[in-house]
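Asks: Just to be clear, the model below is a prediction. Sequence and coordinates:
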Amino acid sequence: MSSNQIRFDPPRQSFDPVYVLFRRSCAQHPERIAIEWGEQKITYAHLQHQVSAIGALLLARGIGEGAAVAIHGQRSANAIASTLAAWSIGATVTMVDSSIPDERRCLMLTTVPVSAILHWGAPFDLRGVLSLDVRKAIQDRSEPENAYDDAEQSFPGDRAYIAFTSGSTGRPKAIAGSHNGLAHFVDWQSKEFGIGPGDRFAHFTNLSFDVWFRDVLTPLISGATICIPTTEARAESVFAFLRDSGITAMHLVPSIANLWINTHAPDTTIDTLKHAFFAGEPLEGALIRKWRDAFPQCTVVNLYGPTETTLAKHFKRIGADVADGIQSVGLNLPGSMTYITLDDGRLCESGETGEICIATPYRSHGYILGSELVPTFLEGLLPELTSLPIYRTGDLGRRNAEGEIEILGRKDDQIKINGVRIDLLEVKSVIASHPHVRDAFVCARQGRFTKSIVAFIESEARSEETFLAYLRKRLPDVMIPSQLHFRDALPRLPNGKTDRKSLTEYANRPVSVAPVRPPEQPHSIAERIEAIWLEILEYPGLHPDLNFFDAGGNSLLIVVLHERIEKQFSICIPLVRLFHDTTIETQSRMIAALLRGEGTAIERAAEPSDTRAMSRNRIIAARATARNL
């Protein structure tokens, strides 16, 4: 019988929720280090003390079982303690990273209303909602006499968190995640890969992505240590962090790993890394080979599973012999089954392409629409094979001869950029909401280094700067189109529909790239920078005053730009400087000054109070600063 025709009706196992598993870790390893960042360290006992303090703060404000609480800030020990505290009193959490635009945060916090917003110095005021600084609660609560001071308690409710994914209506889709689904995954990952005391997990993920739970919970239930970098994980510093921190395990997105390894591969191998869990995008053989050159002791694991299925439902340990191209995502986690179906619902044969459909009892509860909970998994789709509801992923795939699943693309208008799932209809919807837009079309462009979004706009208003400012208030950075093309009218097919094919082909047309001239050739600094930009951005309309980010640049590509400029001019400049000098003209002046020996002034000008990689909002502020330098 084909793997695609196996009957699947597993008993549903009830796992202890993660916050209970965490308490057991505290009891077993009270003096072990739970979290460290820089020179600071927190033991399991002290982390549990913080959890208890924040839980007491919530209960004192009348917030308890069944409530919803927002965790607002950036990755930190406070974020971890606040999440565990909310669960420990029976509340549901919504994770909101403070770096995303205000309007997006408002949408998230009003789509699923919350009773309180927990923060630690980055308050977000919302009318009628308590804003609570957890730092004071931690400081005011005296340390317990015993190393571990909480009795084990759990609550009957299974709703653990609200995760948001891109939605076609212009509003993010809210998914209600389950405690049982979380516990099922982290329990499996911990046991399958032998995670335990002595392991050190890198924590790179921002709060607003559900991968944050994977970064944090697997190590905490295993007695391992979470290591948080004190700066953004940039290519030129991430390998030093991995080596110096003795990292043994990490989760990462292939495109980011590809950027790191191709621009700043470590000079010597790093032997401490034992496990690299890749997810969020197709994993290619070429990246695996380069990764293993840098981390020869590392087991590469390919994970797959949409947010709706809870963290991951497929995995594959990549063997020693790595094939070229996209790797399979292997077999199902225990307690899940995948079927490949045609549009009419018939099962595919082995090797035949169809839609990937997943059945599991360890799933999310559904989409939250107002006061309604709409199931993400549909009943009765394959009654001859399973009594469980099934999630239709929208991903195209096939089952190979070994029974493993190969991912081949998407059925719909969803894409992934840097591991973030984006519904292009949501981007289109936000563009179309602009009062001067008559119609719009949005598609993806596959560039040399990364995928980007291209928008075609039918409008008499043609100001890119105005439109981008409008979009930045409403969309996160990764969803901002890299190119805007204005048209009097979008092309139409005879039936009146937008000619999607011609616009997509235009967006992906090849751009002629002139070779970057060697430094010894007597061409101007500006010409050489423009050639580098053209190579990276493949943007045909470059001019001296065009902003790098408005030409399709992003936080990944600026690292490539930084590396190319340093190599081209044989200079060393701080990466943050390129967030200030964002045009060919200003970069030319900056480099000319450096070549004249005026580097000290440049270094001083490039030292803002916070040198982490800037989001688009911070880039706007940096532009204003740069004008005054």
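Replies: Perfect, thanks for sending it.
Asks: from here on, contacts and neighbour counts on C-alpha atoms
Replies: Will do.
Asks: Skipping adjacent residues, who's closest to Asp293 in space?
Replies: Once flanking residues are discounted, Asp293 sits nearest to Thr269: 7.1 Å by Cα to Cα, 6 or more residues apart in numbering.
Asks: how far away is that neighbour from Cys298?
Replies: Using Cα to Cα, to the nearest Å, Thr269 is found at 11 Å from Cys298.
Asks: the more surrounded of these two?
Replies: Taking neighbours as other Cα atoms under 10 Å, Thr269 and Cys298 compare with Cys298 leading, 19 against 16.
Asks: Could you double-check that the more buried one sits in contact with Ile270?
Replies: No: with contacts counted by Cα atoms under 8 Å, Cys298 stays clear of Ile270, the gap being 9.2 Å.
Asks: which residues in the stretch 51-200 of the chain form strands?
Replies: Here the stretch 51-200 of the chain has its strands, by DSSP state E, counting those that start in this stretch, at 68-73, 92-97, 116-119, 130-133, 159-165, 173-178, 200-202.
Asks: what's in contact with the third one?
Replies: Contacts of strand 116-119 from elsewhere in the structure, counted by Cα atoms under 8 Å, 6 or more residues apart in numbering, are 68-73, 79, 82, 123-124, 129-134.
Asks: Identify the neighbouring strands of it in the sheet and state each direction.
Replies: strand 68-73 (parallel), strand 130-133 (parallel) (DSSP bridges).
Asks: now swap in the second one and tell me
Replies: If you go by DSSP bridges, strand 92-97 pairs up with strand 68-73 (parallel), strand 159-165 (parallel).
Asks: Would you mind checking the average pLDDT for that strand?
Replies: Average pLDDT, strand 92-97: 96.
Asks: tilt between it and strand 173-178?
Replies: Inter-element angle recorded for strand 92-97 and strand 173-178: 130 degrees (by axes from the mean of the first three to the mean of the last three Cα atoms, to 10 degrees).
Asks: Could you give the separation of strand 92-97 from the chain centroid?
Replies: Taking Cα atoms, centre = their mean, to the nearest Å, one finds the center of strand 92-97 at 15 Å from the center of the full chain.
Asks: low pLDDT regions in this protein?
Replies: The chain contains residues with pLDDT under 70 at 1-3, 142-154, 156, 167-170, 233, 235, 493-497, 511-523, 599-629.
Asks: hey, which helix is longest across it?
Replies: helix 44-60 (DSSP state H).
Asks: First-to-last residue distance for stretch 444-464?
Replies: 19 Å.
Asks: Show residues contacting that stretch.
Replies: 255, 415, 417, 428, 436-443, 479-490, 503-504, 507-508, 536-538, 552, 557.
Asks: Now that we have the residues you listed, which of them are buried?
Replies: Buried residues within the contacts of stretch 444-464, counting neighbours by 16 or more other Cα atoms under 10 Å: 255, 415, 417, 428, 437-443, 479-484, 486-487, 490, 503-504, 507-508, 536-538, 552, 557.
Asks: Taking their axis directions, the longest helix of the chain and strand 68-73 sit at what angle?
Replies: Orientation note: helix 44-60 sits at an angle of 130 degrees relative to strand 68-73 (the same axes, to 10 degrees).
Asks: chain center to helix 44-60, what's the gap?
Replies: 28 Å.
Asks: Need the winner for burial among the strands paired with strand 116-119.
Replies: Of all these, strand 68-73 has the most neighbours on average by mean count of other Cα atoms under 10 Å, namely a mean of 26.
Asks: Off-centre distance for that one?
Replies: Remark: strand 68-73 is offset 18 Å from the chain centroid, using Cα atoms, centre = their mean.
Asks: likewise stretch 51-69?
Replies: 28 Å.
Asks: okay but His251 is in contact with Lys274, surely?
Replies: No: in this structure His251 lies outside contact range of Lys274 using Cα under 8 Å: 11.7 Å.
Asks: Among the buried ones among the contacts of stretch 444-464, which lie within helices?
Replies: Ser255, Lys428, Leu503, Thr504, Ala507, Ile536, Leu537, Leu557.
Asks: Please report how far the last one lies from His434.
Replies: So that's Leu557. Counting by Cα to Cα, the separation of Leu557 from His434 is 28 Å.
Asks: how about Ala34, what does it touch?
Replies: Going by Cα under 8 Å, 6+ apart, Ala34 touches Lys41, Ile42, Thr43, Tyr44, Leu47, Leu220, Gly223, Ala224, Thr225, Ile226.
Asks: Just the element for the second one, please.
Replies: Secondary-structure assignment from DSSP states H and E places Ile42 in strand 40-43.
Asks: Can you list the strands that that strand pairs with?
Replies: In the sheet, strand 40-43 lines up with strand 33-37 (antiparallel) (DSSP bridges).
Asks: what number of residues lie near the residue nearest to Ile417 when sequence neighbours are not counted?
Replies: Sequence neighbours aside, Lys451 is the residue nearest to Ile417 in space, at 6.0 Å (criterion: Cα to Cα, 6+ apart). Burial of Lys451 is recorded as 16 neighbouring residues (other Cα under 10 Å).
Asks: Next: Asp125.
Replies: Close neighbours of Asp125, defined as other Cα under 10 Å, add up to 11.
Asks: This completes my enquiry, with thanks.
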